[in-house]
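Visitor: here's my sequence, what's the structure:
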Amino acid sequence: MSNDFNQIIKNSNFIVIKIGSSLIVSNQTNSNTTTEIPPYIFNYKWIESIASDINDLIRLKNKKVCIVTSGAIATAKLDLLKQDNNVFQKSFSIKQKQSLAAIGQIRLMLSLIHISQG
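Guide: Residues are numbered from 1 along each chain as shown. A predicted model of the protein is given here:
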């Protein structure tokens, strides 16, 4: 990290961290072409790593942290992969996206809570 970034963190009391859906759900098609491993996976290892960093900010540096993520729809689509391997390529109506977001948000938050509790 640059010194400027470290200085910003040092001088901040409240930090907002935006996590995009491509970090929550990883596309594995480029690295693995077998059918044994699904092409899209929930990125537990990356989330565990960021959770550790966030815990350090909270506990060691006494920072308040807010996590913002757009991964709810992508997380819900992981469940649909069992029924449809092309779910990530399909387009959905607004109502369908809202339904996916409602389902995925619960799953995403439960996963984040589980990971943060170690």
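
Visitor: and Ile9, how many residues sit next to it?
Guide: 13 (other Cβ atoms under 10 Å). Placement of C-beta: from N, CA and C, glycine included.

Visitor: I'd say Leu23 and Tyr44 touch.
Guide: No: assessed by Cβ atoms under 8 Å, Leu23 is found out of contact with Tyr44, at 11.7 Å.

Visitor: name the strands paired with whichever strand or helix holds Ile67 and say parallel or antiparallel.
Guide: Secondary structure assigned from DSSP states H and E places Ile67 in strand 64-69. Strand pairing for strand 64-69, determined by DSSP bridges: strand 14-19 (parallel).

Visitor: could you point out which element follows the strand it pairs with?
Guide: helix 21-24.

Visitor: elements contacting that next one?
Guide: helix 72-80 (3 or more Cβ pairs under 8 Å, 6 or more residues apart in numbering; DSSP states H and E).

Visitor: cutoff 10 Å now
Guide: Helices and strands touching helix 21-24, by 3 or more Cβ pairs under 10 Å, 6 or more residues apart in numbering; DSSP states H and E, are helix 44-59, strand 64-69, helix 72-80, helix 94-116.

Visitor: follow-up on the earlier one: quick one: buried residues of the strand holding Ile67?
Guide: Thr69 (16 or more other Cβ atoms under 10 Å).

Visitor: leaving out the residues flanking it, which one is nearest to the residue most central in space within the chain?
Guide: Nearest to the geometric centre of the chain sits Ile24, at 2.7 Å (Cα atoms, centre = their mean). Spatial nearest neighbour of Ile24, excluding adjacent residues (Cβ to Cβ, 6 or more residues apart in numbering): Gly71 at 3.1 Å.

Visitor: just give the number of residues close to Ile106.
Guide: Using other Cβ under 10 Å as the criterion, the residues surrounding Ile106 number 13.

Visitor: contacts only, for it.
Guide: 72, 75-76 (Cβ atoms under 10 Å, 6 or more residues apart in numbering).

Visitor: coming back round to it: pLDDT at the residue nearest to the centre of the chain, what is it?
Guide: Per-residue pLDDT puts Ile24 at 91.
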